[in-house]
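Enquirer: just to be clear, the model below is a prediction. Sequence and coordinates:
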Amino acid sequence: MGQRIPGNARIVFVTGPSGAGRSSAINVLEDLGFETIDNIPLSLIPRLLDGDLPSARPLALGIDVRNRDFSAEGLMQLYETLTERLNAPVDLLYVDCSTEVLVRRYSETRRRHPLAPDETPGDGVVREKALLTDVRNRADILIDTSEMTVHDLRAEMEGWFGATTGQGMAVSVQSFSYKRGLPQGLDMVLDCRFLRNPHWKPDLRPFTGLDPEVAQFVAGDPHYQEFIDRTLGLLLLVLPACIAEGKAHFAIGFGCTGGKHRSVAVTENVAAALAPEGWRVSIRHRELERRGAAPTSDRMVGLSGKVSG
């Protein structure tokens, strides 16, 4: 019989090539309520899991190729052993990235690659990817960050792991610009370009939908309130059905021409209206993030409708 793990515990191995975002993924898991240990040697993991585990919290273990006892074969052997032994889910999360993007990231930061300290970063990237090929092929969850921002990675991680800690289905409400295309991972998209545009008001153009002057201008459109009411009615119908289907994350995006005014104001309004209905809501403004005009991390909306950073 396997060793029993209490409560809603879950073991997640997190690995991937250096620079792909493994540490960022572990930070997201910590924010989601996981107990996290990064850069743990493989030889210590069996001892960590020996005996009774007092904590019911899920556990995320960051596995770094730079550890002296690392080997792909050893990691896979440990993963298979724990899968058989523990009465709890054991997942292998592989955070990947294209070779070209990894080389660019190392070039931009001027860091040496840990597997090629005296060679080019490209040599180290190719060597590490070859070392991890079998691990990547066996991964339960594969996340490619080549085209992702840190906010995109957080949303993706919430989709996979948001319900693990018993916090219920996570709802992400996002604004974006159609000029830049749709954000990744949206379940529903609504177009706000029919609403009157603050861009054509010189006194409002410098502001964003986060500013009350713009929000009031957008809300003054004769179609605005009916659009909000119908959108909320649709979401309150769809979200419980998504939970019944086993979804852990639902993302809705509101788009406008520039992603600065109308979509931002609507996103704020919808998120604030969903939270008092009992939904765990996070807010993202993609274009404002790119301009540095939005908080650097996702904001959560509490049951009162109050936004926290």
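Expert: Now that the structure is in, tell me what you want to look at.
Enquirer: contacting residues for residue 11?
Expert: Contacts here follow Cβ atoms under 8 Å, 6 or more residues apart in numbering; on that basis residue 11 touches 5, 49, 58, 59, 61, 82, 86, 88, 89, 90, 91. Every C-beta, even on glycine, is put in place using the N, C-alpha and C of the backbone.
Enquirer: show me what it is bridged to.
Expert: residue 59, residue 90 (DSSP bridges).
Enquirer: report how many residues lie close to residue 150.
Expert: Using other Cβ atoms under 10 Å, residue 150 has 16 neighbouring residues.
Enquirer: same question, residue 242
Expert: 16.
Enquirer: surely it meets residue 250?
Expert: Yes - the criterion here is Cβ atoms under 8 Å, and residue 242 meets it with residue 250 at 5.3 Å.
Enquirer: low pLDDT regions in this protein?
Expert: Where the chain drops to pLDDT under 70, the residues are 1-9, 51-56, 87, 110, 163-168, 246, 248, 293-309.
Enquirer: which parts of it are strands?
Expert: Secondary structure of the chain (DSSP state E): strands at 3-4, 11-15, 35-37, 59-62, 86-87, 90-96, 141-144, 170-177, 188-191, 249-256, 280-285, 299-301, 307-308.
Enquirer: any chance of those strands in a markdown table, with distance to residue 26 too?
Expert: Shown next, in a markdown table, are those (distance: least, Cβ to Cβ, whole Å):
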| stretch | distance to residue 26 |
| --- | --- |
| strand 3-4 | 24 |
| strand 11-15 | 5 |
| strand 35-37 | 5 |
| strand 59-62 | 5 |
| strand 86-87 | 20 |
| strand 90-96 | 9 |
| strand 141-144 | 12 |
| strand 170-177 | 18 |
| strand 188-191 | 29 |
| strand 249-256 | 18 |
| strand 280-285 | 19 |
| strand 299-301 | 20 |
| strand 307-308 | 22 |
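Enquirer: between residue 242 and residue 250, what contacts are shared?
Expert: 169, 187.
Enquirer: ok so, going back, of the strands of the chain, which approaches residue 227 most closely?
Expert: strand 188-191 (8.3 Å; Cβ to Cβ).
Enquirer: what helices or strands is that closest one leaning on?
Expert: Strand 188-191 is packed against strand 249-256, with contacts defined by 3 or more Cβ pairs under 8 Å, 6 or more residues apart in numbering; DSSP states H and E.
Enquirer: send the alpha carbons of stretch 228-245 over as PDB?
Expert: Presented in PDB, the C-alpha positions along stretch 228-245 are these (Å, rounded to 0.1, in the frame of the first residue of the first chain):
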ATOM      1  CA  ILE A 228     -22.600  45.100 -18.800                       C
ATOM      2  CA  ASP A 229     -25.900  43.600 -17.600                       C
ATOM      3  CA  ARG A 230     -26.100  41.100 -20.400                       C
ATOM      4  CA  THR A 231     -22.400  40.100 -20.000                       C
ATOM      5  CA  LEU A 232     -22.800  39.500 -16.300                       C
ATOM      6  CA  GLY A 233     -25.900  37.500 -16.900                       C
ATOM      7  CA  LEU A 234     -24.100  35.300 -19.400                       C
ATOM      8  CA  LEU A 235     -21.100  34.800 -17.100                       C
ATOM      9  CA  LEU A 236     -23.200  33.900 -14.100                       C
ATOM     10  CA  LEU A 237     -24.900  31.300 -16.300                       C
ATOM     11  CA  VAL A 238     -21.600  29.900 -17.800                       C
ATOM     12  CA  LEU A 239     -19.200  30.000 -14.800                       C
ATOM     13  CA  PRO A 240     -21.100  27.400 -12.600                       C
ATOM     14  CA  ALA A 241     -21.400  25.200 -15.600                       C
ATOM     15  CA  CYS A 242     -17.700  25.400 -16.100                       C
ATOM     16  CA  ILE A 243     -17.100  24.200 -12.600                       C
ATOM     17  CA  ALA A 244     -19.400  21.300 -13.200                       C
ATOM     18  CA  GLU A 245     -17.200  20.400 -16.200                       C
END
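Enquirer: next one: that stretch to chain centre, how far?
Expert: 22 Å (Cα atoms, centre = their mean, to the nearest Å).
Enquirer: how many residues are close by the residue nearest to residue 39 when sequence neighbours are not counted?
Expert: Nearest-residue entry for residue 39: residue 64, 4.7 Å, with adjacent residues in sequence omitted and distances by Cβ to Cβ, 6 or more residues apart in numbering. The tally of other residues near residue 64 (other Cβ under 10 Å) stands at 17.
Enquirer: and for residue 223?
Expert: 10.
Enquirer: just the helices in the protein please.
Expert: Using DSSP state H, the helices of the chain run over residues 22-31, 45-48, 72-85, 99-109, 121-131, 133-138, 150-161, 212-219, 224-244, 262-274, 286-291.
Enquirer: out of these, the one nearest residue 180 is which?
Expert: helix 286-291 (7.0 Å).
Enquirer: just how off-centre is the closest one within its chain?
Expert: Worked out by Cα atoms, centre = their mean, helix 286-291 lies 16 Å from the chain centre.
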